[in-house]
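1. Output the structure for:
(3 chains)
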Amino acid sequence: MSAADLAREPSRARDVARRLARWFARHARDLPFRRTQDPYAIWVSEIMLQQTRVETVLGYFERFLARFPTVEALAAASEDDVLAAWSGLGYYRRARLLHRGAKAVVERFGGVLPADPERLREISGIGPYTAGAVASIAYDLPVPAVDGNVARVVARLDAISDPAEQQAGHPGIARRAEAVLAAGRPRVLTQALMELGALVCTPKAPSCDLCPVASACRAGARDLQAAIPAPRKKVAQPEARFVALVLSWRNAVVLTRRPATGLLAGLWCPPLVPTRAVRRPRSPRTAMERLGFDGTIEPLPGPWVRHVFTHRIWHVAPFRGTLRTRPGGEDVTLWRPGSPLPGGLPRIARKVLEAAGISAN
DNA sequence: TAAGCGTGGTT
DNA sequence: TAACCAAGCTT
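-> Numbers count the residues shown, from 1 in each chain, chains lettered A, B, ... in the order given. As a prediction, the model looks like this:
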């Protein structure tokens, strides 16, 4: 590895910073979370953007802020209300930790998000990336925010070939990113590094001919941009099968709360019962009995509803039924389509309800 | 430390 | 279609 890198070549870091800032001023997307300097709003956007594409977040950010305009409003909300606003966005633990973090900001920091990355890291859901993002974007401090984009851009700029040194958590990457931020306006340069990674320095087929820092890129100079970063190892996705019961009681549908830990923790779903049947079951009588429901049940047409998670795949066979007696219990609710959600409703619940002709919007 | 945690766009 | 993977964090 070369002794010289962005952290050791101040003139090169300045050149990169200047080119990035000029490119960003011209090509940055107009995004709602770039139109605010409110640290709370920027915090919300950064949590939503964790492992999530900008286009997906656009459908949630402004609605969430309208619903919870201040950190005090969020802190005062119920967890079910927060999860309802998060429904469909995924990684629901983020919403729970953001909610917990809002309470801590109100109680411990007087409702003001701190600028010090050490203090930010004490807040639930804020890790090294988000602390850097809030410190640099909201407070214009030269604290690096290394996400997947920044790690890839920096690894390519310095042609880092060791896979371990390409990781976002590696100190060498943070040091290099910090050198770029310190050479200009951190608020601009943090976003510029990420924007470059999202629009130009993409994982596959980067647009090096459009890149403002191609002249400084050592991967480009050696035609290594396709090899950096190294591909990750893939993990198996176990498959599981369930029967789903879309049960009506008068004008409402039965939803049950999932366990407090694990996949889709605490969210609301039509009752799901594991099944070993490989072919679609004709009658989930045992499922009805096991759950203590009393009513009729019939299969819904169509194939298994397939849902792919990060690390597993579900196949769900939906059934529809009508109850003879009103269901009860703490983790059972009756939801009338069109009325506000009782809490978080994951995508698989929507798919199952739609298979029964019920729209959950 | 590595696994667990959602969803959707792109190729 | 299947693979890849995105503004990561927690345990």
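
2. tell me the SS of residue A:253?
-> strand (DSSP: H, G, I helix; E, B strand; the rest coil).

3. What's the local residue count around the nearest residue to it once chain neighbours are set aside?
-> Spatial nearest neighbour of residue A:253, chain neighbours left out: residue A:335 (5.5 Å); criterion: C-beta to C-beta, 6 or more residues apart in numbering. To be clear about C-beta, it is placed using only N, CA and C from the backbone, and glycine gets the same treatment. Other residues within reach of residue A:335, judged by other C-beta atoms under 10 Å, total 20.

4. same question, residue A:310
-> Neighbour count of residue A:310, defined by other C-beta under 10 Å: 10.

5. do the same with the one 5 residues further on
-> Other residues near residue A:315 come to 16 when the count uses other C-beta under 10 Å.

6. Hmm, residue A:280 and it touching each other?
-> No. Using C-beta atoms under 8 Å, residue A:315 is not in contact with residue A:280, being 9.4 Å away.

7. Apart from its neighbours in sequence, what residue is nearest residue A:350?
-> Closest to residue A:350 by C-beta to C-beta, 6+ apart is residue A:360, at 5.0 Å.

8. just to revisit the earlier point, next, give phi and psi for the residue nearest to residue A:253.
-> Note on residue A:335: backbone dihedrals following degrees, to the nearest 10 are phi -110, psi 130.

9. okay but it is in contact with residue A:251, surely?
-> No. Using C-beta under 8 Å, residue A:335 makes no contact with residue A:251, being 10.0 Å away.

10. Please list the outside residues in contact with stretch A:97-114.
-> A:39-40, A:43-44, A:47, A:70-72, A:74-75, A:77, A:79, A:82, A:119-120, A:122-126, A:134, A:138 (C-beta atoms under 8 Å, 6 or more residues apart in numbering).

11. Check stretch A:198-206 too.
-> A:27, A:29, A:54, A:149, A:152-153, A:156, A:207-208, A:210-212, A:225-226, A:229.

12. try 10 Å
-> Under the contact criterion C-beta atoms under 10 Å, 6 or more residues apart in numbering, stretch A:198-206 has outside partners A:23, A:27-29, A:53-54, A:147-150, A:152-157, A:193, A:195-197, A:207-214, A:217, A:219-220, A:225-226, A:229, A:231.

13. tally of neighbours for the residue in the stretch 101-250 of chain A that DNA strand B sits nearest to?
-> Closest contact between the stretch 101-250 of chain A and DNA strand B, by C-beta to the nearest atom of the strand, is at residue A:204 (5.9 Å). For residue A:204, the neighbour count with other C-beta under 10 Å is 5.

14. For residue A:4, grab the count of nearby residues.
-> 11.

15. Hmm, I typed the wrong one, I wanted residue A:197.
-> That count, for residue A:197 with other C-beta under 10 Å as the rule, works out to 21.

16. Then it would be within a helix, right?
-> Yes. With three-state DSSP as the criterion, residue A:197 is part of a helix.

17. which ones are touching the residue lying closest to it once chain neighbours are set aside?
-> Setting aside the residues directly before and after it, residue A:197 is nearest to residue A:149 in space (C-beta to C-beta, 6+ apart), at 2.7 Å. The contact partners of residue A:149, by C-beta under 10 Å, 6+ apart, come to A:168, A:193, A:194, A:195, A:196, A:197, A:198, A:199, A:201, A:202, A:203.

18. which of the residues you listed has the most neighbours?
-> That'd be residue A:193 among the contacts of residue A:149, by other C-beta under 10 Å, with 31 neighbours.

19. mind listing what the residue nearest to it when sequence neighbours are not counted touches?
-> Using C-beta to C-beta, 6+ apart and skipping the chain neighbours, the partner closest in space to residue A:193 is residue A:150 (4.8 Å). Residues in contact with residue A:150 (C-beta under 10 Å, 6+ apart) are A:129, A:132-133, A:144, A:168, A:173-174, A:176-177, A:180, A:190, A:193-194, A:196-197, A:201.

20. Identify the spatial nearest neighbour of the residue in the stretch 1-150 of chain A that DNA strand C sits nearest to, chain neighbours not counted.
-> With C-beta to the nearest atom of the strand, the shortest gap between the stretch 1-150 of chain A and DNA strand C falls at residue A:127, namely 2.4 Å. Leaving aside its sequence neighbours, residue A:127 sits nearest to residue A:121 (C-beta to C-beta, 6+ apart; 7.2 Å).

21. circling back to that earlier point, show me the two of the contacts of residue A:149 that sit farthest apart.
-> Farthest pair in the contacts of residue A:149 (C-beta to C-beta) is A:168 and A:199. Separation: 18.8 Å.

22. Pull the number of nearby residues for the residue in the stretch 201-350 of chain A positioned nearest to DNA strand C.
-> Using C-beta to the nearest atom of the strand, the closest approach of the stretch 201-350 of chain A to DNA strand C is made by residue A:234 at 3.7 Å. Neighbourhood size, residue A:234 [other C-beta under 10 Å]: 6.

23. And it, how close does it get to residue A:9?
-> For residue A:234, the distance to residue A:9 equals 36 Å [C-beta to C-beta, to the nearest Å].
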